[in-house]
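Novice: Requesting a structural model of the entry that follows:
(3 chains)
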Amino acid sequence: VATGIVSLLTDFGLEDAYVGIMKSVILSRCRNCVLIDLSHNVAPQNVRGAAYLLWTAQPYLPSGTVSLVVVDPGVGTKRRPIAVAAPQGYFVGPDNGFLSYVLAEAGAQAHGTNLISLPLEWRAVVLTNEEFWLKPVSNTFHGRDIFAPAAAALAAGVPLERLGSPVNAIVAFPFPRPSHDGDAIHGQVIHVDHFGNLISDIRARDLPPQFTVTVASYTVEGPATSYQSGNTQSLVALVGSAGLLEIAAPNGHAASMLGITIGAPLEVRAR
Amino acid sequence: VATGIVSLLTDFGLEDAYVGIMKSVILSRCRNCVLIDLSHNVAPQNVRGAAYLLWTAQPYLPSGTVSLVVVDPGVGTKRRPIAVAAPQGYFVGPDNGFLSYVLAEAGAQAHGTNLISLPLEWRAVVLTNEEFWLKPVSNTFHGRDIFAPAAAALAAGVPLERLGSPVNAIVAFPFPRPSHDGDAIHGQVIHVDHFGNLISDIRARDLPPQFTVTVASYTVEGPATSYQSGNTQSLVALVGSAGLLEIAAPNGHAASMLGITIGAPLEVRAR
Amino acid sequence: VATGIVSLLTDFGLEDAYVGIMKSVILSRCRNCVLIDLSHNVAPQNVRGAAYLLWTAQPYLPSGTVSLVVVDPGVGTKRRPIAVAAPQGYFVGPDNGFLSYVLAEAGAQAHGTNLISLPLEWRAVVLTNEEFWLKPVSNTFHGRDIFAPAAAALAAGVPLERLGSPVNAIVAFPFPRPSHDGDAIHGQVIHVDHFGNLISDIRARDLPPQFTVTVASYTVEGPATSYQSGNTQSLVALVGSAGLLEIAAPNGHAASMLGITIGAPLEVRAR
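Specialist: Numbering: from 1, shown residues only, chains lettered A, B, ... in the order given. Predicted coordinates for the structure are as follows:
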């Protein structure tokens, strides 16, 4: 019997039982579903952080996976609960932009924070069909009462259209993109990972074959081919696993060494 | 073939392999079991914290789930290892009160820390049948050697009575309850969640329609309908997902803002 | 239908989606595989920490488990990616010594950091068969592109030899062992767990029946039979769940109390 896969990405942390409660709701309704935790340590209310992590994971999720993404500062307000069907799988969460980077990858780049039209072959609904809700619906935990039930339904094979009313556009914000200024590329740090690696918005395909990165007061020559290419205490500039330029400290924590974080500017020049 | 679900709730943290070892024991003995992590970040030895989280998750666990709860400061002492069958599922852990709040919800409220009689339709055993133990039994990790095997057995369909000797009463402590003093309700903070929300022991059904909460040196009017109902830097008072009054800071961390934690008093008055 | 179990042990942390991405790769290739997290909070680049945790978990893993161990400071360099078949199961990861303590337990003790010959009935390959790689292979995330696919293949029943070229020796470093000096045993702390317990390299079978441990400026008599055997504010010395002498503080955090960590010396004398 075919069974679905549900991935989970939230800012719930792991101290409470919130994540376990969502999983309990899913398994109560889709007993054979398989669950994959992407992360539950997105910074509280950081929708862009969730959008970034979802974009890094999306190419590797098993085909047809239902991605449940609940970073939901607007829970209990008028923001819409949505479910989206894309060629690669399904997405469920509050309509706050969590799909922005996956949409940009699919060619639907946002300009400003706005509703953008879905790509061809994508469909979306607002989760208005109360038949699937877990009642009574709380004002503070739609992950449990609306989103987990919708994800379970999709994973169990319920057609998207049964969950609510179709919409053609959802909220998205732009993927950060570097600007080009003569022979310089001006980018920024968009993620700092567990190892302290500074991941930028500059893509491998936009990099010169040999280049110099200026970040904070440091200058780093690239590309390196591994985290160990530099000397201890030095920095390396290399293309990371998401295809983006990153700055790392061999056996160290670059973000702490440089005292910078998300939003810090980088400049790349050919050398 | 029917297979069981085991939920796990501990204070083991995620730095060591302790949780993975318990899961390994369970899957060695119940290959098709499905596992749900509730939390492994209960504060060390905080049985009341585990009792609270179990109570919040219990209504959502799939029917028949075996809840393995190991916060066990008394491991290796005379405290009894128990398994309990309730209408909604099974519970396994040290007999130290971890079921207190679930029992109170079922009508078996403790007074002081004492043995209390189980509700009708509940059964319990002390895990005396060594046939199910993982030998040699260590003095420091009964989660691995006694509790995980018992949970696996129950999830695999072994009758409760095979695991040990029946008992009619287990340890429980009282669910914190606010006191009523004229038109004031005097409660306390019983949990601080990942977002810094201050969750009290005051239930939705005991609240006046419109009220004022006094907490630390702040006064908050309620009820709000969402975390975003207040202004930035202000506080909101609302009913959270467990049906309890909570104080939150929109996009902030109320516990840090107020400098208070579990045990802090709150006063509610009608307005 | 037989399905495999894959355990995961990394230093990836839980803030990013790195672990979820590896799981996604495994489930894409082995849909019925069951996953067990041992830990993802090994200190960054701490291969010895991973070797220790793997050794503590190994006896409890379901027979045939594929253990995926990715603590990989040398990713992208010439260090070899390997898979190993042992009587109890499979191991996949960078050839950097992560199997050292499991090998020592099997009688293959290393002397210095070197290639050591595998025990009888063990086999190993270097993961050279690109057919199993996830292309394009990044320079920074072989966990995703080489190791997770190999683990999935083994869990799905692919013979080890199909994954690459046989080798007879792999990298290992010595298990820390105490020295004996007259009637004194000189050991060291090799792990500090979540509870702050100081776990030493001194085994239960090497301990006198009654002994005194000197650690930092403290003297502790042992063996205690439980963490609660001491008075509050005192220390206890007992044999922990891995069969090693450990120093604990009842309801406290011994490592913080004593201000010591991994590498700190202990001396044991009969009393």
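
Novice: which bits of the stretch 1-150 of chain A sit near chain C?
Specialist: Applying C-beta under 8 Å from any C-beta of the partner chain, one finds that the stretch 1-150 of chain A approaches chain C through A:5, A:7, A:9, A:14, A:34, A:36-41, A:53-54, A:56-57, A:60-63, A:65. Where C-beta positions appear, they are placed from N, C-alpha and C, glycine not excepted.

Novice: These in helices, which ones?
Specialist: The subset of the residues of the stretch 1-150 of chain A next to chain C located in helices under the criterion DSSP state H comprises A:53-54, A:56-57.

Novice: Out of these, grab the one that's most surrounded.
Specialist: Taking other C-beta atoms under 10 Å in any protein chain shown to define a neighbour, the member of those with the most is A:L53, carrying 29 neighbours.

Novice: check contacts around that one.
Specialist: Contacts of A:L53 were listed using C-beta atoms under 8 Å, 6 or more residues apart in numbering or on different chains, and they are A:9, A:38-39, A:42, C:16-17.

Novice: my read: A:I21 touches A:F147, true?
Specialist: No - applying C-beta atoms under 8 Å, one finds A:I21 not in contact with A:F147, separated by 11.8 Å.

Novice: Not counting sequence-adjacent ones, nearest residue to the closest residue to chain B within the stretch 151-271 of chain A?
Specialist: In the stretch 151-271 of chain A, no residue comes nearer to chain B than A:A152, which is 11.2 Å away by C-beta to the nearest C-beta. What sits nearest to A:A152 in space, not counting adjacent residues and going by C-beta to C-beta, 6 or more residues apart in numbering or on different chains, is A:R29, at 3.8 Å.

Novice: Tell me how many other residues crowd the one you found.
Specialist: The tally of other residues near A:R29 (other C-beta under 10 Å) stands at 20.

Novice: Now it: phi and psi?
Specialist: phi -110, psi -10 (degrees, to the nearest 10).

Novice: Starting from A:L134, give me the distance back to it.
Specialist: Separation of A:R29 from A:L134 (C-beta to C-beta, to the nearest Å): 9 Å.

Novice: cool, A:V171 as well?
Specialist: Shown here: A:V171 relative to A:L134, a distance of 24 Å by C-beta to C-beta.

Novice: same deal with A:G143?
Specialist: In this structure, A:G143 and A:L134 are 10 Å apart, going by C-beta to C-beta.

Novice: ok, the two, which is more surrounded?
Specialist: The residue with the greater number of neighbours, taking A:G143 and A:L134 and applying other C-beta under 10 Å, is A:G143; the counts read 28 against 19.

Novice: can I assume A:D11 is in contact with A:P44?
Specialist: Yes - the pair A:D11 / A:P44 is scored as a contact, 5.0 Å apart, by C-beta under 8 Å.

Novice: Same drill for the two, tell me which one is more crowded.
Specialist: More neighbours sit around A:D11 than around the other of A:D11 and A:P44, counting by other C-beta under 10 Å; the figures are 23 against 17.

Novice: Give the full set of residues in contact with that one.
Specialist: So A:D11 contacts A:40-46, A:49-50, A:70-71 (C-beta under 8 Å, 6+ apart).

Novice: List the strands paired with the biggest strand by length in chain A, with their directions.
Specialist: For chain A, the strand that runs over the most residues, judged by DSSP state E, is strand A:184-192. Take DSSP bridges as the rule and strand A:184-192 pairs in its sheet with strand A:179-181 (antiparallel), strand A:198-203 (antiparallel), strand A:265-270 (antiparallel).

Novice: Adding mean neighbour count, write those strands out as JSON lines.
Specialist: JSON lines is the format used below for the strands paired with strand A:184-192 (neighbours: other C-beta atoms under 10 Å in any protein chain shown):
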{"stretch": "strand A:179-181", "mean neighbour count": "10"}
{"stretch": "strand A:198-203", "mean neighbour count": "23"}
{"stretch": "strand A:265-270", "mean neighbour count": "18"}
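
Novice: separation between the residue of the stretch 151-271 of chain A closest to chain B and B:Y60?
Specialist: Distance from A:A152 to B:Y60, by C-beta to C-beta: 12 Å.

Novice: One more: A:V102?
Specialist: In this structure, A:V102 and B:Y60 are 29 Å apart, going by C-beta to C-beta.

Novice: What residue in the stretch 1-150 of chain A comes nearest to chain C?
Specialist: Closest approach between the stretch 1-150 of chain A and chain C, counting by C-beta to the nearest C-beta: A:L38, at 3.8 Å.

Novice: any idea of the pLDDT on that residue?
Specialist: What the model reports as pLDDT for A:L38 is 98.

Novice: residue contacts, it?
Specialist: Applying C-beta under 8 Å, 6+ apart, we find A:L38 in contact with A:7-9, A:53-54, A:57, A:67, C:17, C:20-21.

Novice: same question, A:S241
Specialist: So A:S241 contacts A:56, C:138, C:140-141, C:144 (C-beta under 8 Å, 6+ apart).

Novice: Give the other helices and strands that the helix or strand containing the residue of the stretch 151-271 of chain A closest to chain B contacts.
Specialist: Secondary structure assigned from DSSP states H and E places A:A152 in helix A:148-155. Counting by 3 or more C-beta pairs under 8 Å, 6 or more residues apart in numbering or on different chains; DSSP states H and E, the packing neighbours recorded for helix A:148-155 are strand A:5-10, helix A:18-29, strand A:66-70, strand A:81-86, strand A:89-94.

Novice: Sketch out the low-pLDDT regions of the stretch 51-200 of chain A for me.
Specialist: With pLDDT under 70 as the threshold, the stretch 51-200 of chain A has low-confidence stretches at A:113.

Novice: do that again at 80, thanks
Specialist: Segments of the stretch 51-200 of chain A classed as low confidence (criterion: pLDDT under 80) are A:109-113.

Novice: need the residues of it near chain B, please.
Specialist: For the stretch 51-200 of chain A, the contact set with chain B under C-beta under 8 Å from any C-beta comprises A:73-77, A:138-141, A:144.

Novice: just checking, which of these belong to strands?
Specialist: Per DSSP E, the subset of these in strands is empty.

Novice: and stretch A:237-250, average pLDDT?
Specialist: Stretch A:237-250 shows a mean pLDDT of 96 in the predicted model.

Novice: measure it end to end?
Specialist: 11 Å (C-alpha to C-alpha, to the nearest Å).

Novice: That one: which residues count as buried?
Specialist: Of the residues in stretch A:237-250, those buried by neighbour count under the rule 16 or more other C-beta atoms under 10 Å in any protein chain shown are A:237-242, A:244-250.

Novice: and if you look at stretch A:67-77?
Specialist: For stretch A:67-77, the buried set under the neighbour-count rule, 16+ other C-beta under 10 Å, comprises A:67-76.
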